[in-house]
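>>> next one to model:
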Amino acid sequence: MDYPVAPVIREALEKRIVTDLGYPMWDEQSSPPPLVEAFAHRMETRYRWRPDPSHARAFTDLNQALQVLLHHLTEPGEPIALHTPAYVAFVATLAEMNRPILPIPMLPDGDSWRFELPDVTGCHILLLVNPHNPTGRAFTRAELTEIADLAERHDLLVISDEIHADLTFAPHEHIPFATLLPDRTITLTSASKAFNLGGVRCAVAHIGPAHVRKQLSDMPGMLYGEANVFGVEATIAAWTHGGPWLAETMKTLDANRHTLADRLPKTIGYRLPEATYLAWLDFGHPDAAEKVEQRAKVLLSPGKSFGPGGDHYARLNFATHPEILEEILDRLSAVAE
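Sure, this is the predicted structure:
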């Protein structure tokens, strides 16, 4: 996001700098560790989910966590079910690890999106991105229940990326998938999206399936690295004290998503996102992002990098200041076909 970090986070990092940059002793000093405790408390108070803190562990970010899980739980060539188009880094990870995508296409449906459940024969993992990036879809309880039923019928594990949960716009709500299918769900989350902390590298994985916890616990403790002291301090401060800052930020994001609806040229398709600060724009032709960059000097994320179904699209990050968004829209209007 194009906003400064929350003051409570800055204060927490400044305090860490002036007091102690030595080796952290969280595990020895408390049980559960402070990061896991902050995660569990936030899930319970914000989403009415009571995760078992002993089933959670820290990673440096969601992409690392996903790669570790896929390495342990799947073999090269094994398909991974994924709603498409999908988050660029996940598409890249699956390609790099030779885990082909089994698409669950997100299809236009009035003012929103829908999906059709696929044949998951030969698949053991469903990678759920909820809220969905790039469409901004916040899955309903009915939709999540259908996915849970599918997972039960076909013996699937669900890796649920819920990093955009805090960016859900009312009246929509975020429903943790683990509340529906706890023993089959691995939940991945972080404060990095909602609190603009991507560079500090800290994420939490809550691992519901007992056999997955056993596999990870059998590995050397430092093999996959650790979250650093800045990441942990920033995340705890965000989840514990960042509520007022996030509420104000959500007001700006809400206004910005409606500004897009009001001012985007009619030749560009747009469905109001139910969550995230991302607009999935339908230009109706391939290479839209490249053409917009050349002609309007506006940098969008190319739709083709989001995998199947993204060719005619581009993604716009609207987490910026209103005057900058107005400039973006002026430029798009000037070159709209």
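
>>> which pLDDT value belongs to the residue lying closest to residue 226 once chain neighbours are set aside?
Spatial nearest neighbour of residue 226, excluding adjacent residues (CB to CB, 6 or more residues apart in numbering): residue 58 at 6.6 Å. (Glycine included, C-beta is placed from N, CA and C.) Residue 58 carries a pLDDT value of 91.

>>> one more: residue 262?
96.

>>> please identify the helix or strand for it.
Counting by DSSP states H and E, the element that carries residue 262 is helix 243-263.

>>> which helices and strands sit right next to that helix?
helix 322-335 (3 or more CB pairs under 8 Å, 6 or more residues apart in numbering; DSSP states H and E).

>>> ok, back up a step: you'd agree the residue nearest to residue 226 is up against residue 206?
No - at 11.0 Å, residue 58 does not count as touching residue 206 under the criterion of CB atoms under 8 Å.

>>> ok, which stretches of this structure are helices?
Counting by DSSP state H, one finds helices in the chain at the ranges 7-19, 26-29, 34-47, 62-73, 88-96, 141-154, 210-217, 229-241, 243-263, 288-296, 322-335.

>>> roughly how far does residue 159 sit from residue 254?
With the distance defined as CB to CB, to the nearest Å, residue 159 ends up 29 Å from residue 254.

>>> returning to that earlier point: contacting residues around the residue nearest to residue 226?
Residue 58 makes contact with 33, 35-36, 202-205, 226-227, 232, according to CB atoms under 8 Å, 6 or more residues apart in numbering.

>>> on that earlier part again, taking helix 229-241 as reference, get the angle to the helix holding residue 262.
Interaxial angle, helix 243-263 versus helix 229-241 (axes from the mean of the first three to the mean of the last three CA atoms, to 10 degrees): 80 degrees.

>>> in helix 243-263, what's buried?
243, 245-246, 249-250, 252-253, 256-257, 259-260 (16 or more other CB atoms under 10 Å).

>>> using CSV, list the CA coordinates for that helix.
The C-alpha trace of helix 243-263 is given here as CSV (Å, rounded to 0.1, in the frame of the first residue of the first chain):
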residue,chain,number,x,y,z
GLY,A,243,-7.1,-1.7,14.9
PRO,A,244,-7.7,2.1,14.8
TRP,A,245,-5.2,2.6,12.0
LEU,A,246,-6.7,-0.3,10.0
ALA,A,247,-10.2,1.1,10.4
GLU,A,248,-9.2,4.5,9.0
THR,A,249,-7.3,2.8,6.2
MET,A,250,-10.3,0.7,5.3
LYS,A,251,-12.4,3.9,5.0
THR,A,252,-9.9,5.2,2.4
LEU,A,253,-9.8,1.9,0.5
ASP,A,254,-13.6,1.7,0.5
ALA,A,255,-13.9,5.2,-1.0
ASN,A,256,-11.2,4.4,-3.5
ARG,A,257,-12.9,1.2,-4.8
HIS,A,258,-16.1,3.2,-5.3
THR,A,259,-14.2,6.0,-7.0
LEU,A,260,-13.0,3.4,-9.5
ALA,A,261,-16.6,2.3,-10.1
ASP,A,262,-17.7,5.8,-10.7
ARG,A,263,-14.8,7.0,-12.9
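
>>> what is the distance between that helix and the centre of its chain?
Its chain's C-alpha centre and that of helix 243-263 lie 18 Å apart, by CA atoms, centre = their mean, to the nearest Å.

>>> determine the angle, from 0 to 180 degrees, between that helix and helix 34-47.
Using the same axes, to 10 degrees: helix 243-263 against helix 34-47 is 60 degrees.

>>> can you tell me what sits against helix 243-263?
1, 3, 6-8, 166-167, 169, 194-195, 270, 272-273, 277, 279, 316, 318-320, 322, 325-326, 329, 333.

>>> low-confidence ranges, the stretch 51-200 of the chain, go.
By pLDDT under 70, the stretch 51-200 of the chain contains no weakly predicted segment.
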